[in-house]
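# coords please:
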Amino acid sequence: MPTPVIIIIIVVGALLVLGLLFSVFFTFLVAYKVYSKTLMRGKLGSWGRKECSEPGNPALETMWKRGLKWSEGDKSYIKELSITSKDGLKLVGEWFDYGFDKTVIILPGRRETLVYSYYYAQPYKKLGVNVLVVDQRAHGLSEGTYSTCGIKEAEDAQLWMEYMHDVLNQKELFLHGICVGTCATSIATASFKKDYLKAIILDSAFITYQEIYKNHYIESGHALFPVYYQIWMWFKHFTKCNINDAKTINYVPKFDNIPVLFIWGTKDVYCLPEKSQQIYEACSSNKKEIVWFEGALHSRVRLSDEERYDAVIGDFLARNA
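Numbering: from 1, shown residues only. Model (predicted):
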């Protein structure tokens, strides 16, 4: 083969390789940008308590305002609490101590602080249950930079339960998770064998975090390949966690006989009803219940019918507390 031809082949090959390397490098940068925007606490004040996580979203704004209004009426009951996570982060919460020996711990979704949880705390006082709302790691006043999509948050939830029982003498505890909070609740429940965890409530649970993230990603108009897959490499790099561990479907078969209430909306486009039914069927508890709210959206179930939502929780606890 003539030397000029060989040179041309080598040059073209080199350009193709360089182009491929640049393309991979570029998409990894895009993946990092998406990752840092969605799963990392950014500038000072992001994922904070000062405003609704989605200003201008009518549903979230309504929930935010109603929660704040409720908390103002009960602020005299608040006790500021803090614990230290296993990896050394200061975690903070507010305990609405009504004088009972039972407490529900509310675990909100990604980007949401304990202020968001005020909205879900409202029915418990009438049920004879104190309320602990917490800033998950990397949210609000708690330390940390990264969301782990329920994985390390589950460890934190177990520490909160031990603190409430061992230090604050709460005899019975309940967990109430919303969205990502359901993943943390499920992981924590599967391995927490102490008998003072009496029942759990899972609102808008998903099969896997990757699936709900994918549904959001597609809704935003983005192609999955390759950026979506590279995001989880960044996740592993920064959190040292495997996103495959954030699979609710893997933990509900380990619930034994703990009472569990599943709540879903029929119009949830992120946790599709057919997938939700799979979670319920996989749950091993012989004290499981499922309630559907017609027309309710993801993580907006209570907003669709507050009176019924609170009554459902009240009836569930009456049977199991």
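# show me what contacts the residue nearest to the spatial centre of the chain?
Nearest to the mean C-alpha position of the chain, by Cα atoms, centre = their mean, lies residue 180 at 1.7 Å. Residues near residue 180 by Cβ atoms under 8 Å, 6 or more residues apart in numbering: 108, 109, 110, 147, 149, 150, 153, 209. Where C-beta positions appear, they are placed from N, C-alpha and C, glycine not excepted.
# now go through the residues you listed and say which are in strands.
Judged by DSSP state E, the subset of the contacts of residue 180 located in strands is empty.
# nearest to residue 228 among the residues you listed?
When the contacts of residue 180 are compared for distance to residue 228 (Cβ to Cβ), residue 209 wins out at 12.8 Å.
# which residues touch that closest one?
Counting by Cβ under 8 Å, 6+ apart, residue 209 has contacts 149, 150, 180, 183, 243, 246, 247.
# over to residue 190?
Taking Cβ under 8 Å, 6+ apart, one finds 251, 252, 254, 255 in contact with residue 190.
# list buried residues within those residues.
Listed as buried from the contacts of residue 190 are 251, 252, 255; burial here means 16 or more other Cβ atoms under 10 Å.
# rebuild the residues you listed as a markdown table, extending it with distance to residue 140.
What follows is those, written out as a markdown table (distance: Cβ to Cβ, whole Å):
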| residue | distance to residue 140 |
| --- | --- |
| 251 | 26 |
| 252 | 28 |
| 255 | 29 |
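# which of those residues sits closest to residue 263?
Closest to residue 263, out of all of the buried ones among the contacts of residue 190 and judged by Cβ to Cβ, is residue 252, at 14.3 Å.
# correct me, but that closest one touches residue 281?
No. In this structure, residue 252 is not within contact of residue 281 by Cβ atoms under 8 Å, at 9.2 Å.
# which parts of this protein are strands?
Going by DSSP E, the chain shows strands at 78-84, 90-96, 102-107, 130-134, 172-178, 197-203, 260-265, 288-293.
# what lines up beside the fifth one in the sheet?
By that I understand strand 172-178. According to DSSP bridges, strand 172-178 forms sheet pairs with strand 102-107 (parallel), strand 197-203 (parallel).
# residue 163 is nearest to which of the strands of the chain?
strand 78-84 (5.3 Å).
# please, where are all the helices along the stretch 201-321 of the chain?
209-219, 227-239, 248-251, 273-282, 301-304, 306-320 (DSSP state H, counting those that start in this stretch).
# export these to JSON lines and tack on mean pLDDT?
As requested, the helices of the stretch 201-321 of the chain are arranged in JSON lines below (pLDDT from 0 to 100):
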{"stretch": "helix 209-219", "mean pLDDT": "90"}
{"stretch": "helix 227-239", "mean pLDDT": "94"}
{"stretch": "helix 248-251", "mean pLDDT": "97"}
{"stretch": "helix 273-282", "mean pLDDT": "95"}
{"stretch": "helix 301-304", "mean pLDDT": "98"}
{"stretch": "helix 306-320", "mean pLDDT": "97"}
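# can you lay out those as JSON lines showing distance to residue 114?
Shown next, in JSON lines, are the helices of the stretch 201-321 of the chain (distance: least, Cβ to Cβ, whole Å):
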{"stretch": "helix 209-219", "distance to residue 114": "21"}
{"stretch": "helix 227-239", "distance to residue 114": "22"}
{"stretch": "helix 248-251", "distance to residue 114": "22"}
{"stretch": "helix 273-282", "distance to residue 114": "26"}
{"stretch": "helix 301-304", "distance to residue 114": "16"}
{"stretch": "helix 306-320", "distance to residue 114": "19"}
